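S.K.: Okay, structure incoming, though there's no sequence with it:
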């Protein structure tokens, strides 16, 4: 929370810029009451899925004579990420945004011809949810500036809870891998070790038959020769 002592420590560039933008086209504005706001509020999308957008709204309630303002939004960077260029504020002014680890600081300045703001003043910022979990977004360090560069700190801060849900991914039917087959061999895939082919077996059998046949013929010839020899000897004895 900003204290009154910080008014003197506000960056000179911020005060000078607010003063320059607060001047009218015809010259300096007459002295007015110091700017004020009765309260600062912040709201946020309470629940979102990972990848969804969290809309954060910052508001000043009961503002009076406001020409410039500065505030800081805090968040958990492990859950949320600020969307660059998403900040919008009151029309007729310019919003400058500075980001840091877990912080977004917004400076709103009115254009020279724009009237001072009064009443309830809103700003909007967008964040994207990057991881599941629970946390808060907060607003703090609110400072208001009048046309002469005088600053007023707004007491109090505000927070809003945010819960990010994880996305459950369902398996896509039809894309699962096929089951693996059992350990049994598939039909026709036998790996026998026999090497003899049908043709070779027939040749071996034919060779064996030829050898047997040749032996029988030779035995027959010897028997015939013996018979002839016996007959010749008998014929010689008779004569």
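M.R.: Nice, I can see it. All values derive from a computational prediction rather than experimental measurement.
S.K.: Helices along the chain, start to end?
M.R.: 12-22, 198-238 (DSSP state H).
S.K.: Pick out the shakiest of the ones you listed, pLDDT-wise.
M.R.: Across the helices of the chain, helix 12-22 has the smallest mean pLDDT, namely a mean of 43.
S.K.: Return the helix or strand in the chain with minimum mean pLDDT.
M.R.: Of all the helices and strands that make up the chain, helix 12-22 has the lowest average by mean pLDDT, DSSP states H and E, namely a mean of 43.
S.K.: I'd say residue 122 and residue 59 touch.
M.R.: Yes. Using Cβ atoms under 8 Å, residue 122 is in contact with residue 59, at 4.9 Å. (Each C-beta comes from the backbone N, C-alpha and C, glycine too.)
S.K.: Compare neighbour counts for the two and give me the winner.
M.R.: When residue 122 and residue 59 are compared for neighbours, residue 59 comes out ahead with 18 against 13, by other Cβ atoms under 10 Å.
S.K.: Just list the residues touching that one, thanks.
M.R.: Applying Cβ atoms under 8 Å, 6 or more residues apart in numbering, we find residue 59 in contact with 40-43, 120-123.
S.K.: Okay, residue 119 and residue 84: tell me how far apart.
M.R.: Separation of residue 119 from residue 84 (Cβ to Cβ, to the nearest Å): 29 Å.
S.K.: cool, residue 101 as well?
M.R.: For residue 101, the distance to residue 84 equals 15 Å [Cβ to Cβ].
S.K.: So those two - more neighbours on which side?
M.R.: Higher neighbour count among residue 101 and residue 84: residue 84, with 10 against 5, using other Cβ under 10 Å.
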